[in-house]
Each structure stands twice: as structure tokens, then as C-alpha cells.
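Asker: Coordinates for the following, if possible.
(one chain, ligands or ions: 1)
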Amino acid sequence: MDKFVIHGGKKLSGRVKVSGAKNSVLALLPATLLNSGINTIDNAPQVNDVYTMIKLLHQLGVASEFSEHTVKLDTSGINSMFAPYEHVKKMRASVYVLGPLLSRYGYAKVSMPGGCAWGPRPINLHLEAMKKLGAEIELEEGYIIAKSNKLIGSRIHFDVSSVGATGNAMMAAVLAKGASYISNAAIEPEITQLAEYLNLMGAKINGVGTTVLEIEGVDELKPASISNISDRIEAGTLLCAAAITKSNIQLEYNSPEHIDSVIAKLADSGVQTSFNDGILSLSAQITSASSVDVTTSVYPGFPTDMQAQWMSFMSLAEGTSTVTDNIYHDRFNHVPELVRLGAKIEVNNNSAIVKGVKSLRGAKVMSTDLRASACLVIAGLAAEGTTEVLRIYHLDRGYQKIEEKLKTLGADIQRETTTEF
Ligand code: EPU
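Answerer: Here you go, the predicted structure:
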């Protein structure tokens, strides 16, 4: 098991490249189940969740090659419609195989993902969408068994905007007979890119990037290639790391519009950013950042996946801020760990009240999930003394060698093997 040992207090400077987006590639990979042949996905991050998804696709009969950042997937030998618990329990995004398998083969047996570190995270919307398209769904011994002769186009309205359910519904509807309409569809960049990829395969999706998708089912899809977008959450995480250490950094990141909500909040706190020629620069020439409230919401609102990192930044800001999570009401496992570093934070329902302190002190802390780990690394970079972040296997699920990027920027952070759990 690995941990990070961080000697805090170093200013960051220099330039790093933001990796490809984890959450979009986790949708692009299973989308290839919809065709037969060789697909290519460029700019895929080398992170454990991506390896987990590729293993699941192998289990279904997909052959793959992952070199550097390019994944080639040969879907001509798919021979199973079964996604076992062993794979799905590791990663909720595994449920993305449901829509494509069902629409292409008329059958899928996919393990229910179960709970997660910060709450139940149901999949009812995914299942309701499949039923709307004509599937019969049974839940048996922890498995979803979905069956249909041919899916039939339908009107699907999501009461709650859901990234995963929109992705699954789209992947099911593209091969259904006739037209489907999805309203209150998620418009996160990862879902927009999935729709673009499906269209490259020959799908007929209109309204891409809007909350209303019109999909005309087609008989078959062909293999396609795509270059994945860059990871907006990694970009935001690095910006928070620079902001908390009052540093100046540059990111090779070409989609600043994907994190406008974070950039706007940084500006409110006194931290300036600028974008020129594919480089997003941040300059935190401040004695102390101002406290700024954030409330998470669906895109283009402030992302829930940046809430924990923002809280670290605010723990050293001047004044009091409120961080409210409207997407996941319980996503506050990082709070007790930040408090161990000297932060003053109280959680009240789905809000955390953060009273800025003058300094944080290094301590041993424990990652509880992916973004919680990132928030502890950020806090450790600014804390006096040494911070050890344990259980960073959570972080390795979604950040490609973040410690190397931080080292390039001048941080004192080491990965060490430990027997501590
Ligand atoms: N929801 C339901 N029923 C459903 C599905 C969702 O009630 O069937 C609710 C959820 O409980 C939540 C809201 O809808 O309150 C939104 O959840 P969503 O379905 O959009 O989340 P997801 O697709 O499971 C993706 C990301 C998450 C990110 C969320 C929100 C992937 C692989 N995961 O999850 O990423 O937090 O969208 O933006 O794309 C992360 O990267 O750390 C991460 C957790």
C-alpha cells in the first residue's frame, strides 16, 4: 500500500500538462460495445478506474491494447453479456455496460453496484430508462437482469439530472427502433463527448450538448476513433493546489470553459487566471484569499467533484465560507481529516461551514475516496511540517501520477510504500 509524504510550505511554479478525462473515457470505453471492429480512443489517462473498465470489457470478449495514452479496442469477439460483481464492486461506472449490451444483444446481466463511500448512489434512473425503452428488468441475487427483443424508441424524462443515466439511456437508444427523446439530459462535457463519439459511430443524436436529446435509432454502428477531452477536475485540483500555496502555475489545458465555475470562484477569492494559446495560467499574488461560498450543482455549475478541494483552499482563507453539496448530500468524509490538519469546519446537513485559519499543521490523514484524497494532498502542500496521506489507492483510481505533476511544479511530495492501512 502506498502513501504520500508531503513537506508543506513550498511555492509551486512551472508548467504541467493535464491528463485526459477519467469520467469521459469511462463512458467512451463501454460505448465501443455497440459496434464490431477496431476502435481507438486517444488521450486516455493511465488510472486504475480505466484499467478496471478495460478488464471488464475483456471479460465481455473485447480485446485491447493500451499504449501510452491510446486504447485500441477490438469489439469483434464479444462473447459475454455478464458483468460480474468482482468487477462492478470496484467501480460504479461499470454499470455503463448495461445500455450497450442490452441494445445490441437484447440481454445483459450486470451486478448492482451497491453503496459507495459517501452514500447510496442509486441506479433507479438507469433502470427506469431501460424499461421506458421496452426492456424487462429483474433484480436477482444482487444482479440486474435486463432483457428485450428489440428496444423501442421512447420519451424519457429524468426527474434528476444524472450523468450516468443519461449516458446509459443514450447508449441504449441509439440502436432502438424509432425515435427517442431524452429530456433533462445531463450536459456535463463527458456526456457531450459520449454523444459525439456515438455520432462518429453512425448514431443519429440531435441536440448534443443540450438538455433535450433527440435520437433516431439506427440498425448498426461502426467502429470509430476519438481523442478524449482533458480532465476538468484534475485541472481544477491543480488550480486549487496553486491557489492554496499562493503560487503561479501554468497548465497545458485547452478547455478552460469546462471549469468556468471554478475559475469564477477563484477570481472571487482574489486569485487570477488567464488563458492564452492552450495554456491556463494562475497567479495567486495574495497575502490571504477571501472566503467564497460554493454550492455544487449540475454542469455548468460548481462540480461536486471539486467540492473537497475547494474546502481545503477555503480552510486557509480570510473569513468564513459555506460549501454546500446539492448533488451528494453526504460527501463530507474529508472533513474530519482536514480538521486533523487544523482546519475549522463543521458540517450541518449538506453544508460545511469553513472558518478560515491562519495555518494548518501537518499530520497523518487518511483518504476515504478519490476527491477526498486530492483535498488532503492540497491541504498538505500548504500545511506546516509533514503530512502523510494514507490509503492513496483511492487517488490512484482517478489521477494520473499527480505527485509527479506536483513535483514538476516544485512540491515536496514523495510516494512511499507502507504497511499502515
Ligand atoms: N441519481 C439517482 N438515481 C440514479 C442516478 C443518480 O438518484 O439512478 C442521483 C445521485 O444520487 C446524485 C445525482 O443523481 O444525487 C447525480 O448523480 P449522477 O448519476 O450524475 O452521478 P454518476 O453518473 O454516478 C458521475 C461521475 C461522478 C460525479 C457525478 C456527478 C462518472 C464515472 N462519475 O457519477 O464522479 O461525482 O457524475 O457529477 O462519470 C468522481 O470522479 O470522483 C466522481 C464521483
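Asker: Can you show me the helices along the stretch 1-150 of the chain?
Answerer: Here the stretch 1-150 of the chain has its helices, by DSSP state H, counting those that start in this stretch, at 22-31, 48-59, 85-88, 98-105, 124-132.
Asker: what would the ones you listed look like in CSV with mean neighbour count, mean pLDDT and distance to the ligand?
Answerer: Any C-beta I mention is one placed from the backbone N, CA and C, and that applies to glycine too. Shown next, in CSV, are the helices of the stretch 1-150 of the chain (neighbours: other CB atoms under 10 Å; pLDDT from 0 to 100; distance: least, CB to the nearest ligand atom, whole Å):
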stretch, mean neighbour count, mean pLDDT, distance to the ligand
helix 22-31, 27, 98, 3
helix 48-59, 20, 96, 7
helix 85-88, 18, 91, 13
helix 98-105, 26, 98, 11
helix 124-132, 20, 97, 3
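Asker: Could I get those in TSV, plus columns for distance to Tyr328?
Answerer: As requested, these are exported to TSV (distance: least, CB to CB, whole Å):
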stretch	distance to Tyr328
helix 22-31	15
helix 48-59	18
helix 85-88	20
helix 98-105	22
helix 124-132	15
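Asker: now for these, which one comes closest to Gly356?
Answerer: Distance to Gly356, taken as CB to CB, is lowest for helix 22-31 among the helices of the stretch 1-150 of the chain, at 30.6 Å.
Asker: Break down the stretch 301-421 of the chain into its helices, ranges please.
Answerer: In the stretch 301-421 of the chain, the segments counted as helices under DSSP H, counting those that start in this stretch are 307-314, 334-340, 370-382, 393-396, 402-408.
Asker: Looking at those helices, which is nearest to Ile215?
Answerer: Ranking those by proximity to Ile215 (CB to CB) places helix 370-382 first, at 31.2 Å.
Asker: re earlier: among the helices of the stretch 301-421 of the chain, which comes closest to the ligand?
Answerer: helix 370-382 (4.5 Å; CB to the nearest ligand atom).
Asker: tilt between that closest one and helix 22-31?
Answerer: Note on geometry: by axes from the mean of the first three to the mean of the last three CA atoms, to 10 degrees, helix 370-382 and helix 22-31 are set 150 degrees apart in direction.
Asker: from what I can see Leu101 touches Gln59, true?
Answerer: No - if you go by CB atoms under 8 Å, Leu101 and Gln59 don't touch, sitting 11.7 Å apart.
Asker: Can you check which of the helices of the stretch 1-150 of the chain gets nearest to Asn228?
Answerer: Minimum separation from Asn228 across these (CB to CB) falls at helix 22-31, 5.2 Å.
Asker: Just the CA atoms of the helix or strand harbouring Gln193, as PDB, please.
Answerer: Secondary structure assignment for Gln193, by DSSP states H and E: helix 189-200. Below are the C-alpha coordinates for helix 189-200, written out as PDB (Å, rounded to 0.1, in the frame of the first residue of the first chain):
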ATOM      1  CA  PRO A 189     -18.700  17.700 -21.000                       C
ATOM      2  CA  GLU A 190     -18.100  14.000 -20.600                       C
ATOM      3  CA  ILE A 191     -21.700  13.200 -21.700                       C
ATOM      4  CA  THR A 192     -21.500  15.600 -24.600                       C
ATOM      5  CA  GLN A 193     -18.300  13.900 -25.700                       C
ATOM      6  CA  LEU A 194     -20.000  10.500 -25.400                       C
ATOM      7  CA  ALA A 195     -22.800  11.700 -27.700                       C
ATOM      8  CA  GLU A 196     -20.200  13.000 -30.200                       C
ATOM      9  CA  TYR A 197     -18.500   9.600 -30.100                       C
ATOM     10  CA  LEU A 198     -21.700   7.800 -30.700                       C
ATOM     11  CA  ASN A 199     -22.500  10.100 -33.700                       C
ATOM     12  CA  LEU A 200     -19.000   9.300 -35.100                       C
END
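Asker: can you pull the buried residues of that helix?
Answerer: Residues of helix 189-200 classed as buried by neighbour count (16 or more other CB atoms under 10 Å): Pro189, Glu190, Ile191, Thr192, Gln193, Leu194, Ala195, Glu196, Tyr197, Leu198, Asn199, Leu200.
Asker: The ligand contacts on the stretch 1-150 of the chain?
Answerer: Residues of the stretch 1-150 of the chain lying near the ligand by CB under 6 Å from any ligand atom: Asn23, Leu26, Arg92, Ala93, Arg121, Pro122, Ile123, Asn124, Leu125, His126.
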